[in-house]
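Asker: Pasted the sequence and its predicted model underneath.
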Amino acid sequence: MSLNLSLAQMLTQLETKVAHHSERKGFHAEQEVFHRDNSAHHAAELETALARLEALRAAAEAAGELLERDKSAAPPPAEPDESLDVGRKRSLSRMVARVVESMPPDETFGARSVTRAVQERWGAKLRRRPDPRSVAATLRRWALAGRIHQVREGRAHYESLYRKTAPG
């Protein structure tokens, strides 16, 4: 410490330092109480969340076991319809027709979902992937002809949705 300071200056600096540290000690004591309360709150919430997570995992496992048991008792899924000759001209509309016929009447579908189903069924036999725009054009033609019903008109950022028309 410098000896060039007067006694009054040293006292003033020490009093300022004492006041500052006294104020900071009180502030941190308040923060300690605040953080202790927050820590207790978060510990209780963590315990509740962990209990619920374990209960949900147990329920999911039980549901999975039930579904596995039902799956083993159910008949195997039908083989995909491979009888369609995909090498012929204009077979895309036939594939789309088969996919749409296999859908339940209350299910809505769009060009992307039908294209995905065509790709899953006949993808290995196709020379190239079906274009969703071609499928959309086919669905649009069918909607105009009354074969299917348009549920939602498409826009630039979402596709049109369709539903099978009720027979009769």
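Answerer: Yep, that arrived.
Asker: Was I right to think residue 143 contacts residue 149?
Answerer: Yes - if you go by Cβ atoms under 8 Å, residue 143 and residue 149 touch, sitting 6.9 Å apart. The way it works is simple: take the backbone N, C-alpha and C, and place the C-beta from them, glycine included.
Asker: And those two? Which one has more around it.
Answerer: Using other Cβ atoms under 10 Å, the more surrounded residue of residue 143 and residue 149 is residue 143, with 18 against 15.
Asker: which residues does the more buried one contact?
Answerer: By Cβ atoms under 8 Å, 6 or more residues apart in numbering, residue 143 lies in contact with 149-150, 160, 162.
Asker: Tell me the buried residues within those.
Answerer: Using 16 or more other Cβ atoms under 10 Å as the burial test, the contacts of residue 143 include 160, 162 as buried.
Asker: shared neighbours of residue 143 and residue 149, which are they?
Answerer: residue 162.
Asker: What helix or strand is the residue nearest to the spatial centre of the chain located in?
Answerer: For the chain, the residue nearest the mean C-alpha position is residue 113 (16.9 Å; Cα atoms, centre = their mean). For residue 113, the enclosing helix or strand under DSSP states H and E is helix 111-122.
Asker: send the alpha carbons of that helix over as CSV?
Answerer: Taking Å, rounded to 0.1, in the frame of the first residue of the first chain, the C-alpha atoms of helix 111-122 are listed here in CSV:
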residue,chain,number,x,y,z
ALA,A,111,-50.5,-37.0,-54.4
ARG,A,112,-47.6,-37.4,-52.1
SER,A,113,-49.2,-40.2,-50.1
VAL,A,114,-50.4,-42.0,-53.2
THR,A,115,-46.9,-41.6,-54.8
ARG,A,116,-45.3,-43.1,-51.7
ALA,A,117,-47.7,-46.0,-51.7
VAL,A,118,-47.0,-46.7,-55.4
GLN,A,119,-43.2,-46.5,-54.7
GLU,A,120,-43.6,-49.0,-51.8
ARG,A,121,-45.6,-51.5,-53.8
TRP,A,122,-43.9,-51.4,-57.2
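Asker: Who are the packing partners of that helix?
Answerer: Here helix 111-122 touches helix 91-102, helix 132-145, going by 3 or more Cβ pairs under 8 Å, 6 or more residues apart in numbering; DSSP states H and E.
Asker: And the first one, how far out from the chain middle?
Answerer: When C-alpha coordinates are averaged (Cα atoms, centre = their mean, to the nearest Å), helix 91-102 and its chain have centres 29 Å apart.
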